[in-house]
Every structure is written in C-alpha cells, then in structure tokens.
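Q: Below are the sequence and a predicted model for it; my questions follow.
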Amino acid sequence: MTKIKGITIQLIGKVKVGVDPFGKPIYEDKPIDIDNVLISPTSSDDVVNQQNLTGKKAVYTLAIPKSDQNEWEDKEVLFFGNRWRTFGIPLEGIEELIPLDWNKKVMVERYE
C-alpha cells in the first residue's frame, strides 16, 4: 500500500527586524519550509467561479497539513521553481472528522 505524501514548499513570511524613525515596524521576507503539502490543479469550475468572484485565476489548490499554524491569507509561496500568491480565505475542516493528514486548502495564482 502506498501512503500519500506531499512535497516541501516555501511560504514567504514577514519577520519584524526593527523600527523606522517614525516608530513603524520594518519587516523582512523570510522563507519558511512547509513539509507534506499536496498540490493539485484547480478544477475548471473553481477557476471560473474564482475569476467571477475575485478576478483572480486559480491555478493550483494547496492542501495544508493539520499541524500547520502559519498564516496563509494573501501570502507568497514557492514551489515547482515558480513564485505563487495565495488568495481567498483558507478553507479549514474539523481535524477530528478528516481521516488524512490535511485539513486546510487554499488556492494560488501565478505571481511574478
């Protein structure tokens, strides 16, 4: 029996590195490795629906592991040698009711 296993992707997070002369925080991008993420092409129905609702074209849907506590809304991610941006609110299921290792999903669009 083959077990389903995702790949490692990088989520670009913002880390506070200081404060400017006006007291505003200064942030720097920091890549965070996220293991066991499933990536699937977004269905054509979801592409059309998202384009009608948000004007953005969903290319892939990411399945996020249950143990992940990172923020996924409007973030950059790196996988397949390209840069992508998540959009929309990540959909999350109840961990105890989902038998596999993933309980969140988020759509991504190509970002350059």
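A: Yep, it's here.
Q: Report the rounded mean pLDDT for stretch 59-77.
A: Across stretch 59-77, pLDDT averages out at 93.
Q: What residues of that stretch count as buried?
A: 60-65, 68, 72, 75-77 (16 or more other Cβ atoms under 10 Å). From N, CA and C alone the C-beta is placed, and that goes for glycine too.
Q: Repeat that for stretch 98-107.
A: By 16+ other Cβ under 10 Å, the buried positions in stretch 98-107 come out as 101-107.
Q: Also stretch 37-45?
A: If you call a residue buried by 16+ other Cβ under 10 Å, then stretch 37-45 has these buried ones: 37-39, 42.
Q: tell me how far the ends of it are from each other?
A: By Cα to Cα, to the nearest Å, the extent of stretch 37-45 from end to end equals 22 Å.
Q: That stretch - what's its average pLDDT?
A: The average of the pLDDT scores along stretch 37-45 is 88.
Q: Would you tell me which strand is longest in the protein?
A: strand 25-41 (DSSP state E).
Q: neighbouring strands for that one, and are they parallel or not?
A: Sheet pairing of strand 25-41 (DSSP bridges) gives strand 7-19 (antiparallel), strand 60-65 (antiparallel).
Q: Which one of these lies nearest to residue 89?
A: strand 60-65 (12.7 Å; Cβ to Cβ).
Q: Can you name the next helix or strand after that closest one?
A: Where DSSP states H and E defines the elements, the next helix or strand beyond strand 60-65 is strand 76-79.
Q: For that following strand, which helices and strands make contact with it?
A: The contact analysis (3 or more Cβ pairs under 8 Å, 6 or more residues apart in numbering; DSSP states H and E) places strand 76-79 against strand 7-19, strand 25-41, strand 82-92.
Q: picking that back up, just so I know, which of the strands paired with strand 25-41 lies nearest residue 32?
A: Closest among those, using Cβ to Cβ: strand 7-19, at 4.7 Å.
Q: Go ahead and name everything in contact with the closest one.
A: Outside strand 7-19, the residues that touch it by Cβ atoms under 8 Å, 6 or more residues apart in numbering are 25-37, 39, 62, 70-72, 75-79.
Q: one step back: any idea which of the helices and strands packed on strand 76-79 is most buried?
A: strand 82-92 (a mean of 16; mean count of other Cβ atoms under 10 Å).
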